[in-house]
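> the amino acid sequence is not available; the structure is as follows:
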């Protein structure tokens, strides 16, 4: 290595300096023609390394005294709608629904949210009901009287295990609040936690009935991964196949 540096640069201790992009304020690693990969791609596509750069959007509406969030062309959503309709940009109307703080008037005295609810459901205050987790679970269960299995008829994961969407708190969170309204989990694991108890950390939920789609709590058992893998497959238990271990 040092011999190659001496032959090429005349100094065995030579260390090449890292080249940076020539665009002011960039600071990224050099890629080609004096630019980084981003500015080089812009130059190849537009002929200018600065072409196509993202423009910083305004934070608020440019109408005096408005102060609402910018939507486009320098205006908020309400003033932008006024502009598209050919009207003069003036004070916006508030929604007539009690307790609604939106000043984004849309039509019939309502904001866009309450107007869409009134048009679709006949009531601007309509809110979709949230079913309980138990109801969502039982709606996708088909009971087998012969085996006493609760066969899952809903969404499946890889065609093997049932998947259910549950509300962690049982409540609907506001859009954009950052709270998760639903989460997905295996149906048999949710059934075990609901009617048997919490699953020990790192444990699997084994189907005693050997039916992966069964969610009957009486057919479920929490065991360690090692014990789970040592249980033979259904084919091995009946002598119809290889004796390799497997899950169920």
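Received the coordinates, thanks. Predicted model, so just to flag it, every value in this text is computed and none were measured.
> now whichever strand or helix holds residue 78: mean pLDDT?
Applying DSSP states H and E as the criterion places residue 78 in helix 77-84. The pLDDT scores in helix 77-84 average 76.
> tally up the residues packed near the residue nearest to residue 196 when sequence neighbours are not counted, please.
Spatially, and ignoring its direct neighbours in sequence, residue 196 is nearest to residue 217 (5.2 Å; Cβ to Cβ, 6 or more residues apart in numbering). In short, each C-beta sits where N, CA and C put it, glycine included. Look at residue 217: counted by other Cβ atoms under 10 Å, it has 17 neighbours.
> run through the helices of the chain in chain order.
Under the criterion DSSP state H, the chain contains helices at 2-9, 37-46, 77-84, 112-121, 133-138, 187-195, 225-230, 234-238.
> mean confidence for the longest strand seen in the chain?
When the chain is parsed with DSSP state E, its longest strand is strand 161-166. Averaged over strand 161-166, pLDDT sits at 91.
> direction included, what does that strand pair up with?
Strand pairing for strand 161-166, using DSSP bridges, gives strand 156-157 (antiparallel), strand 183-186 (antiparallel).
> related to what we said a few turns ago, show me what contacts the residue nearest to residue 196?
Contacts for residue 217 (Cβ atoms under 8 Å, 6 or more residues apart in numbering) come out as 191-192, 194-196.
> and if we set it to 6 Å?
191, 195-196 (Cβ atoms under 6 Å, 6 or more residues apart in numbering).
> pLDDT-wise, which helix or strand of the chain ranks last?
The least trusted helix or strand in the chain, going by mean pLDDT, DSSP states H and E, turns out to be helix 234-238, with a mean of 50.
> redo the helices of the chain as TSV? Include distance to residue 106 and mean neighbour count.
Output for the helices of the chain, formatted as TSV (distance: least, Cβ to Cβ, whole Å; neighbours: other Cβ atoms under 10 Å):
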stretch	distance to residue 106	mean neighbour count
helix 2-9	70	11
helix 37-46	39	15
helix 77-84	8	18
helix 112-121	4	15
helix 133-138	33	14
helix 187-195	40	20
helix 225-230	55	12
helix 234-238	59	13
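> would you list those in CSV and tack on distance to residue 102?
Listed next are the helices of the chain as CSV, based on distance: least, Cβ to Cβ, whole Å:
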stretch, distance to residue 102
helix 2-9, 68
helix 37-46, 39
helix 77-84, 9
helix 112-121, 7
helix 133-138, 31
helix 187-195, 37
helix 225-230, 52
helix 234-238, 58
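> which parts of this structure belong to which domain?
Domain segmentation of the chain under automatic domain parsing yields 2-46, 133-238.
> winner for burial among the ones you listed?
Most buried of these, by mean neighbour count (mean count of other Cβ atoms under 10 Å): domain 133-238, with a mean of 15.
> let me know the average pLDDT across stretch 128-144.
For stretch 128-144, the mean per-residue pLDDT is 87.
> low-confidence ranges, this protein, go.
Across the chain, the ranges flagged by pLDDT under 70 are 15-16, 53-57, 86-92, 103-105, 169-181, 233-248.
> residue most distant from the centroid, it?
residue 10 (56.4 Å; Cα atoms, centre = their mean).
> separation between that residue and residue 72?
60 Å (Cβ to Cβ, to the nearest Å).
> quick one on the thing from earlier: residue 162 is nearest to which of the helices of the chain?
Evaluated over the helices of the chain, closeness to residue 162 peaks at helix 187-195, with 3.4 Å, by Cβ to Cβ.
> which elements pack onto that closest one?
Applying 3 or more Cβ pairs under 6 Å, 6 or more residues apart in numbering; DSSP states H and E, we find helix 187-195 packed against strand 161-166, strand 204-207.
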